[in-house]
Structure formats: C-alpha cells, structure tokens
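> Here's a sequence, model it:
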Amino acid sequence: SRLPELCGALRGVGRPEAARLLAAGAWRWMSSQLQGWTTTVRNEVRKPQLEMLSSPLVRQLEAADDKLRDEITGALREYEDNILECLMPALRLADARRATGGGLDIVAQDCAQRLRTIIARPLRDEDDWSIEWTGCGCGICDTLGTFLSSRSRRTFTWPLAKDGRRHVHTKIDLAGLPVRHHTRRQGRPYTLELTKTNELFTRATNARNRAETDLEWLTSTWVTHRRERKAAK
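Predicted coordinates for the structure are as follows:
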C-alpha cells in the first residue's frame, strides 16, 4: 500500500533507479501471482484470489515509471479473459480512490475490448451438450473425452474399477467440468454414472450478463469520471 509513496520519495531525492528496482521487484511477485491464479480452473478458488490482487495491482501501476508501466500493461493483455476477475475490481477500486495514471486507462481500454468480444459470442445451441476438454492421454481420459465432446450425449454409464473411477473424479473436479459423477455400487466392477449438468449453459449466460454489466459501467462511470477529473486539472 505504501509502494507508490516510497517510489515517489526515491525519485524525489534523485534515486529513480532505486525506485524502478523496487517497483520491478514488486511486479515480479505480482506477475507470478497472476500467472498462478489465472491458470487455476476452478472458479470458486480462482476468482476470490484474483479479486484480492486488484488493490496491489492498482498500487503497482501507480508506483511504476513509464517504462515499467508499459511492460505491465503489455503483460496484462497476454492473459486469458479470466484476468478480468482482477482487472475489473481494480478499475472499480481505482475509481473509488480517484486514482490517476495512464496505465489504468490502458487497462480500461483492454477490458472494454475483451468485454465486447465476450458479448458478441453466440450463445450455445440448446441441443449442444459438447464440452471442450483435454485429458492426460491415457485410455480412460480418451473415453471420457469422447463422451464430453459429444453434442448429443448427456449421460454415460461406465463400468470401471476403483482406480479408474478415482482418475475420472479427479479430472472432472480439477477441471471444474459441469459434470455430475456418481458411483452405483452394484456388480463388479462398480458402475460410474456421469451426467452433464445445465451449468454448461448457465455459465455462458452468466458470463455474458457479467460482461454487459461491466461494459456498461466502463463506458459510463469510468469514462465519465476520468473526463471530469481531466477537466478539473
């Protein structure tokens, strides 16, 4: 939280390189955190962690010089769209704090473009139950992948030994797939019952709704407030 103030003080006493080294070190930490959490598939784990990084990211951009700020904003553009789970809270926080800085405007522009792209994507057909997924390459994952990729198949009854069932459970849970798994303990081996859930459809709908809400805020609240602050200067 004190990083911008400290870097500003260092620049004020003629030590801009010291300020840059400090800010660059903080960015290395931030970058590793973003890389780790944006590659976490499960939404309930990933999203709160990315939200927690929003305040440090605002401070990071405020503390950076022009060169490092360009490096940071360029790196942020390379992430997948789930980086929005950090960037949008960061922009809302910056607006509430009346924070300034060219880096934040660049982030806002990138977010707006991402949101427009999400909104423009066609919604899933009502009869399309296919799920994109890649396994480890083993035979069990190949069978699971065939079921998941099918547009028409919603359920799969699969006689499978204990180790195989555990492997399937792990893959489904780690990937956060919208698939319910249940073991019917009759016969040998037991039967694994897989069912694709309606979350497959609601995820896309919810993502579009969030994108519309966020874009409306960006194009009204953020843009308006930034214009007012520039005029005041």
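
> tell me which element Arg124 falls in.
Secondary structure assignment for Arg124, by DSSP states H and E: no helix or strand.

> Mind pulling the model confidence for it?
Looking at Arg124, its pLDDT is 88.

> how about the helix of greatest length in the chain: buried residues?
Ranked by residue count and defined by DSSP state H, the top helix of the chain is helix 16-38. Judged by neighbour count using 16 or more other Cβ atoms under 10 Å, the buried positions of helix 16-38 are Ala19, Arg20, Leu22, Ala23, Ala26, Trp27, Met30, Gln33, Leu34, Trp37, Thr38. The C-beta positions use only the backbone N, C-alpha and C, and glycine is treated the same way.

> start to end distance for stretch 174-191?
Start-to-end span of stretch 174-191 (Cα to Cα, to the nearest Å) is 21 Å.

> before we move on, the earlier item: need the buried residues of helix 16-38 in TSV with distance to Phe201, can you?
As requested, the buried residues of helix 16-38 are exported to TSV (distance: Cβ to Cβ, whole Å):
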residue	distance to Phe201
Ala19	50
Arg20	48
Leu22	48
Ala23	44
Ala26	41
Trp27	39
Met30	35
Gln33	32
Leu34	29
Trp37	26
Thr38	24
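
> closest to Leu76 among those residues?
Nearest to Leu76 among those is Leu34, at 8.0 Å by Cβ to Cβ.

> so who does that closest one touch?
Residues near Leu34 by Cβ atoms under 8 Å, 6 or more residues apart in numbering: Leu50, Leu53, Tyr79, Ile83, Cys86.

> And the furthest pair within those residues?
The distance between the two most remote of the contacts of Leu34 (Cβ to Cβ) is 11.9 Å, for Leu53 and Tyr79.

> before we move on, what SS does Thr40 have?
Secondary structure state of Thr40, per DSSP: H, G, I helix; E, B strand; the rest coil, is coil.

> C-terminal to whichever helix or strand Gly145 is part of, which secondary structure element comes first?
Assessed by DSSP H and E, Gly145 sits inside helix 139-149. Later in the chain than helix 139-149, the nearest helix or strand by DSSP H and E is strand 155-159.

> For that following strand, buried residues please.
So for strand 155-159, counting by 16+ other Cβ under 10 Å, buried means Phe156, Trp158.

> per-residue confidence averaged over that strand?
For strand 155-159, mean pLDDT rounds to 96.

> before we move on, the earlier item: neighbour count winner among Leu53 and Tyr79?
Using other Cβ atoms under 10 Å as the criterion, Leu53 and Tyr79 rank with Leu53 on top: 21 against 17.

> How about the contacts made by the more buried one?
Contacts of Leu53 were listed using Cβ under 8 Å, 6+ apart, and they are Met30, Gln33, Leu34, Trp37, Cys86.

> please redo it, this time with the cut-off set to 10 Å
Met30, Gln33, Leu34, Trp37, Thr38, Gln60, Ile83, Glu85, Cys86, Leu87, Pro89, Ala90 (Cβ atoms under 10 Å, 6 or more residues apart in numbering).
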